[in-house]
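Engineer: Got a predicted structure plus its sequence, pasted below:
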Amino acid sequence: MSKSNVSQLLWITVAIPFLYLAYVYPTLPEEVPIRFGPDGQPVAYGPKAMLWLLPIAGPLLMAVIYSFVLPEATFSRRPRKLWWMVLLTTALLSALMVYIIQGTSRGQLINIQVMFFIIGGLLIVIGNFMPVIPPNRWIGIRLPITLRDDEAWWRVHRFSGPLWVMGGALIIAASLFVSEAVMPFVLVGTVLTLAVGSTVYAYRIS
């Protein structure tokens, strides 16, 4: 698949949560849930206009960074694989936004495991592509050591890739067996462990 085809699919994917929100927006009350508890029930409300921040801050921001901010040289090493990373990460973010918008329109998040599946899948995709992400200042593990030393960048990302894949798989597996009340702690604990693990490794090799 060429870059132009992936780029078209990327922007179609970005448009999906905007179109879905535009479809349900007229039916929403003026005050809608903007924050949910571990059980999927709303715990805070706000004006429905705030919902437009979801697709803007998620898939649209990611697509803008990938398409316009990162230099073309970023994709020169493994262009096909990196563009698939762009498409898959943006698609998962769009799916997450649609899920949250749907929960807002219903007044609660149904089958909250879906959210953890998507987040776990996102970590797996990112981890799978980490070893081929070239040095840059926008995506990846951006630490002082990795930003000033290309060799450190590659070593840290080769180490972190499998780690993040395992973290994503753990989140997906835990969502099948762990209660909804505990899953947020599993999610936060896993993400913090991944971040700390990558950081500790980076400074051990420095």
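Structural biologist: Arrived safely. Every value quoted in this text rests on a predicted model; they were computed, and no experiment measured them.

Engineer: Please tell me how far stretch 184-193 is from the chain's geometric centre.
Structural biologist: Centroid displacement of stretch 184-193 relative to its chain, using CA atoms, centre = their mean, to the nearest Å, is 15 Å.

Engineer: elements contacting the helix or strand of the chain with the lowest mean pLDDT?
Structural biologist: Taking mean pLDDT, DSSP states H and E as the measure, helix 61-64 is the helix or strand of the chain with the lowest mean score, a mean of 81. Judged by 3 or more CB pairs under 8 Å, 6 or more residues apart in numbering; DSSP states H and E, helix 61-64 is in contact with helix 3-24, helix 79-106. (C-beta placed from N, C-alpha, C; glycine too.)

Engineer: Gly121 belongs to a helix?
Structural biologist: Yes - with DSSP: H, G, I helix; E, B strand; the rest coil as the criterion, Gly121 is located in a helix.

Engineer: quick one: it from Leu19, how far?
Structural biologist: 22 Å (CB to CB, to the nearest Å).

Engineer: okay, those two: which has more neighbours?
Structural biologist: Counted by other CB atoms under 10 Å, Gly121 and Leu19 do not tie: Gly121 has more neighbours, with 20 against 11.

Engineer: correct me, but the more buried one touches Leu92?
Structural biologist: Yes - the pair Gly121 / Leu92 is scored as a contact, 5.6 Å apart, by CB atoms under 8 Å.
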